[in-house]
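**Student:** sequence and computational prediction follow.
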Amino acid sequence: MVLLFYTIFASTGILLNWVALVFSVSPILIIWMVWVVLKYGEYNGEELEDEQEFGYVDRPELGRQEN
């Protein structure tokens, strides 16, 4: 929702102070989100098998090499 208002205000020139504030704060929010994921994030899915490049939980046949 903020992105929608940001785009509208930036393209129309309305509330340019708000646009500048959101633009200047956004890198701080991204860094904070990355830090939280790296510090507290845990992966609870299955580990990849040998020779498996990627995996999908709902489609396990994807990512396995055919012999």
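**Tutor:** Received the coordinates, thanks.
**Student:** can you name the residues in contact with the helix-or-strand element of the chain with minimal mean pLDDT?
**Tutor:** Sorted by mean pLDDT, DSSP states H and E, the helices and strands of the chain end with helix 2-12, the least confident at a mean of 91. Contacts to helix 2-12, defined as Cβ atoms under 8 Å, 6 or more residues apart in numbering, come from residues Ile14, Leu15, Leu16, Trp18, Val19, Val22, Phe23. Just so you know, the C-beta spots here come from the backbone N, C-alpha and C atoms, and that holds for glycine as well.
**Student:** how far off centre is the following helix or strand past that helix?
**Tutor:** Using DSSP states H and E, the helix or strand that follows helix 2-12 in sequence is helix 16-40. With Cα atoms, centre = their mean, to the nearest Å as the basis, helix 16-40 stands 12 Å off its chain's centre.
**Student:** ditto for stretch 39-51
**Tutor:** Distance, centroid of stretch 39-51 to centroid of chain: 18 Å (Cα atoms, centre = their mean).
**Student:** state the mean pLDDT of it.
**Tutor:** Mean pLDDT, computed over stretch 39-51, is 79.
**Student:** check stretch 23-30 too.
**Tutor:** pLDDT averaged over stretch 23-30 gives 94.
**Student:** before we move on, the earlier item: now the angle between helix 16-40 and the least confident helix or strand of the chain, please.
**Tutor:** 150 degrees (axes from the mean of the first three to the mean of the last three Cα atoms, to 10 degrees).
**Student:** whichever of the contacts of helix 2-12 end up buried, select them in PyMOL.
**Tutor:** One line in PyMOL is enough to select the buried ones among the contacts of helix 2-12; burial here means 16 or more other Cβ atoms under 10 Å:
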select buried, resi 19+22
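**Student:** from the contacts of helix 2-12, pick the one nearest Lys39.
**Tutor:** Taking Cβ to Cβ as the measure, Lys39 lies nearest Val22 of those, at 25.2 Å.
**Student:** what sits closest to the closest one if chain neighbours are left out?
**Tutor:** Closest residue to Val22 apart from its sequence neighbours, by Cβ to Cβ, 6 or more residues apart in numbering: Tyr6 at 5.4 Å.
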